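> Below are the sequence and a predicted model for it; my questions follow.
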Amino acid sequence: MSDRVTRFADEAERDPVGAVERLRADLVESGGPLVKRLTDTTVEVTFVWIGPERQVSVRAQVFEDPNALSHPMRRVPGTQVWHLDAVVASDVVTTYQFLVDDPFTDADHSDLAELGRLMVEARARMLADPFNPRALFPQMAVVAGEDTADRRFWDSELRLPDAEDVDWFDAEPTDRGKLTEHDLSDRTITVYTPPGYQADRTYPLVVLLDGECWPLVARLDTALDNLMGREIEPAVVAMVHNTGGMAPRMAELACDSAFATHLAEDVLPFVRSLYPVSDDTSRVVLAGNSLGGLAAAHTALERPDAFGAVLSCSGAHWWGYRDSETGWGKDSEPEWLTRQYAKAPLLPLRFWIDVGSLETGASPVSPGVDQRAANRHLRTVLRARGYPVTYHEAAGGHDFATFRRSVVKGLRALLPA
């Protein structure tokens, strides 16, 4: 129990109403969780929820088991104050939510279908921190096909005191680019054109997977407005949406050759028919996060004639082990795509590979391999094969608070102004 919660417990015995009000005031002042510095590089973070619920958990990657879907909180006896502490690197940026009446407490984490069902069930009980003004539109709502969500259900952003200070997503741009939605068969493609766009000039092209998330969750278009022409070469960005919910996304982003062909032979010609983008493959970047990062690297391996640069942001490069129950995977080992790069001929590709510092701990779907280790391994294999690779470990987790910063840094590296 943190010092502040211990003090609250003592005060609550004498003045329960006043103790809660003073704790609320401290939470408002801190802008969410209470943060106490421990060393030059670590802080103690105390998550606090105040309410009459029977049970409350925190969803965040800052605890000892970062892959757990939730972390049960403790209630101060005789009060409505719930709390949970974590020791975290002082430069971390990540997201969190509170979860009331947690359905994940006794869930089988190896049963992906059941976890998916519980995730849908839990969405109405995943709540933002009412004391924290920083929040991102919830990715779970986007995956479910929704483009509106009450702010109570957003993802709160935890930004610790030594985090890199950037204003890319919040500062009002001097000039605005444009977002235009197009339909390609049953798929939506949102195309961003930069400030000062000219139809008679040729631009590099960025194809960005999970396209529905980037304007709504990440506010990436605002960052591009602020940085293109200054730190990033002005480019056309085609944000390729998914065609359905969680299951179709998992199927086509997991090293699916048909999807790679679709990107190269349908999406690229479609975008080129509408926008003046380069035919030079070295100026075509394929980017994605999580499974999208895996799909970007896989598509480039299969179609180096179409894509010359890969931006893999927290790519799911552990993927490959085929679970006998779900059948999702390739064979009996994790890291299938890394093994393909290890034996394939050297291709004209360059890479930005990124992963979060909090992404440790093996998952049941990748026995013996965690996300950070898998990305480090891919980096090492690619460099050993002779590929140009920029590798980055972000002070954060597997979430859009981290993804959006990393994608901006990747674009600065692959398309410098």
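Cool, got the structure. Residues are numbered from 1 along each chain as shown.
> Give me the mean pLDDT for stretch 232-240.
In this model, stretch 232-240 has a mean pLDDT of 98.
> From the rest of the structure, what touches it?
Where contact means CB atoms under 8 Å, 6 or more residues apart in numbering, the residues beyond stretch 232-240 that reach it are 187, 189-197, 203-209, 211-212, 214-215, 224, 228, 263, 267, 271, 275-277, 285, 408, 411-412, 415-417. (Each C-beta comes from the backbone N, C-alpha and C, glycine too.)
> Any idea how many residues pack against residue 135?
Residues within reach of residue 135, counting by other CB atoms under 10 Å, total 19.
> if I look at it, how far off is residue 120?
According to CB to CB, to the nearest Å, residue 135 stands 21 Å off from residue 120.
> Tell me where the model's unsure across this protein.
Applying pLDDT under 70 to the chain flags the ranges 106-113, 115, 325-326.
> give me that answer again for 90
Along the chain, segments meeting pLDDT under 90 span 1, 65-69, 101-124, 139-147, 244-248, 322-328, 332, 361-368.
> follow-up on the earlier one: helices - which of the contacts of stretch 232-240 land there?
Under the assignment DSSP state H, those contribute 214, 215, 224, 271, 408, 411, 412 to helices.
> Now do the same contact list for residue 20.
So residue 20 contacts 8, 12, 50, 79, 80, 81 (CB under 8 Å, 6+ apart).
> ok so, going back, same list (the ones in helices among the contacts of stretch 232-240) but as a markdown table, adding neighbour count and distance to residue 348.
What follows is the ones in helices among the contacts of stretch 232-240, written out as a markdown table (neighbours: other CB atoms under 10 Å; distance: CB to CB, whole Å):
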| residue | neighbour count | distance to residue 348 |
| --- | --- | --- |
| 214 | 28 | 27 |
| 215 | 19 | 31 |
| 224 | 27 | 26 |
| 271 | 21 | 21 |
| 408 | 22 | 25 |
| 411 | 28 | 20 |
| 412 | 17 | 21 |
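> Quickly check the residues you listed for the two that are furthest apart.
271 and 412 (22.2 Å; CB to CB).
> Surely residue 176 touches residue 225?
Yes: in this structure, residue 176 is within contact of residue 225 by CB atoms under 8 Å, at 5.5 Å.
> So between the two, which is more surrounded?
Set residue 176 next to residue 225 and count neighbours by other CB under 10 Å: residue 225 wins out with 21 against 12.
> related to what we said a few turns ago, can you lay out the ones in helices among the contacts of stretch 232-240 as CSV showing distance to residue 152?
Shown next, in CSV, are the ones in helices among the contacts of stretch 232-240 (distance: CB to CB, whole Å):
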residue, distance to residue 152
214, 23
215, 22
224, 29
271, 37
408, 28
411, 33
412, 35
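> ok, so of those, who is nearest residue 328?
residue 214 (25.4 Å).
> residues contacting the closest one?
For residue 214, the contact set (CB under 8 Å, 6+ apart) comprises 190, 208, 220, 221, 239, 404, 407.
> Looking at these, spot the one nearest residue 340.
Scanning the contacts of residue 214 for proximity to residue 340, where the rule is CB to CB, the winner is residue 208, at 23.0 Å.
> now the contacts of residue 20: which count as buried?
8, 12, 50, 79, 81 (16 or more other CB atoms under 10 Å).
> so can I have CSV of those showing distance to residue 310 and secondary structure?
Listed next are those as CSV, based on distance: CB to CB, whole Å; DSSP: H, G, I helix; E, B strand; the rest coil:
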residue, distance to residue 310, secondary structure
8, 50, helix
12, 54, helix
50, 45, strand
79, 51, coil
81, 47, strand
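> Out of these, give me the two with the largest separation.
Greatest spacing in the buried ones among the contacts of residue 20, by CB to CB: 12 and 50 (11.6 Å).
> Show me the common contact partners of these two, please.
With CB under 8 Å, 6+ apart, residue 12 and residue 50 have common neighbours 20, 81.
> Quick check on the contacts of stretch 232-240: which are buried?
187, 189-195, 197, 203-209, 211-212, 214-215, 224, 228, 263, 267, 271, 275, 277, 285, 408, 411-412, 415.
> Could I get the full set of helices for this protein?
For the chain, applying DSSP H gives helices covering 3-14, 16-30, 112-122, 139-143, 213-216, 220-227, 246-253, 257-262, 268-274, 291-302, 336-343, 371-385, 400-414.
> Would you mind finding the most buried of these?
Comparing the helices of the chain by mean neighbour count (mean count of other CB atoms under 10 Å), helix 291-302 ranks first with a mean of 26.
> Just want the angle from that helix to helix 336-343.
30 degrees (axes from the mean of the first three to the mean of the last three CA atoms, to 10 degrees).
> can I get the CA coordinates of helix 291-302 in CSV?
The C-alpha trace of helix 291-302 is given here as CSV (Å, rounded to 0.1, in the frame of the first residue of the first chain):
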residue,chain,number,x,y,z
LEU,A,291,-0.5,-8.0,-36.3
GLY,A,292,-0.4,-5.1,-38.9
GLY,A,293,3.4,-4.9,-38.4
LEU,A,294,3.6,-8.7,-39.0
ALA,A,295,1.5,-8.3,-42.1
ALA,A,296,3.7,-5.4,-43.4
ALA,A,297,6.9,-7.5,-43.0
HIS,A,298,5.3,-10.5,-44.6
THR,A,299,3.8,-8.6,-47.6
ALA,A,300,7.2,-7.0,-48.3
LEU,A,301,8.8,-10.5,-48.3
GLU,A,302,6.3,-11.8,-50.8
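> Can you name the residues in contact with it?
Applying CB under 8 Å, 6+ apart, the contact partners of helix 291-302 are 209-210, 249-250, 252-257, 259-261, 263-264, 286-288, 306-317, 319, 337, 340-341, 344, 347, 349, 351, 378.
> could the buried ones among the contacts of residue 20 go into a markdown table alongside distance to residue 159?
As requested, those are exported to a markdown table (distance: CB to CB, whole Å):
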| residue | distance to residue 159 |
| --- | --- |
| 8 | 24 |
| 12 | 29 |
| 50 | 22 |
| 79 | 28 |
| 81 | 23 |
